[in-house]
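In: Quick one, what's the 3D model for this:
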Amino acid sequence: MKKLLVTSALLASFAAFSASAADLISKDEAHHFKLTYIGNVSVGASGGQIGSPTDLHEKLSKLADEKGGKYYVIIAAREHGPNFEAVAEVFK
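Out: Numbering: from 1, shown residues only. Purely as a prediction, here's the structure:
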């Protein structure tokens, strides 16, 4: 029984660490650490689904992950009615 609990705990902690999200950094940090530019991601009109800065960061992080990045830098953002829109550069 103890082995099962320990194994379950290890698997749960591994899953938590492997599900890391891309982090927001500054342009200066990207240049200072000489990170590799991958490309851009953008979040556009969303029918109110991206209704807060937190939602915006979560979506950009997810898109950067999907592109293979570990970091993103927001280069343009605005609030447009109930939506937030942004463009970010992705780095690894």
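
In: I'd like to know how far the residue most central in space within the chain sits from residue 71.
Out: Nearest to the mean C-alpha position of the chain, counting by C-alpha atoms, centre = their mean, stands residue 61 at 1.3 Å. Distance of residue 61 to residue 71, computed by C-beta to C-beta, to the nearest Å: 10 Å. C-betas here are computed from N, CA, C, even on glycine.

In: shared neighbours of these two, anything?
Out: Taking C-beta atoms under 8 Å, 6 or more residues apart in numbering as the criterion, residue 61 and residue 71 both touch 22-24.

In: Who are the packing partners of the helix or strand harbouring residue 62?
Out: Using DSSP states H and E, residue 62 maps to helix 53-66. With contacts taken as 3 or more C-beta pairs under 8 Å, 6 or more residues apart in numbering; DSSP states H and E, helix 53-66 sits against strand 23-24, strand 37-43, strand 71-80, strand 83-91.

In: Tell me which residues are up against the second one.
Out: The list of residues contacting strand 37-43 from outside it, by C-beta under 8 Å, 6+ apart, reads 30, 50, 56, 59-60, 63-64, 67-69, 72, 75, 84-92.

In: Most neighbours of all the shared contacts of residue 61 and residue 71, which one?
Out: residue 22 (24 neighbours; other C-beta atoms under 10 Å).

In: quick one, what contacts the residue nearest to it when sequence neighbours are not counted?
Out: For residue 22, ignoring the flanking residues on the chain, the nearest one in space by C-beta to C-beta, 6 or more residues apart in numbering is residue 64 at 3.6 Å. When contacts are counted by C-beta under 8 Å, 6+ apart, residue 64 touches 22, 41, 70-72, 88, 90.
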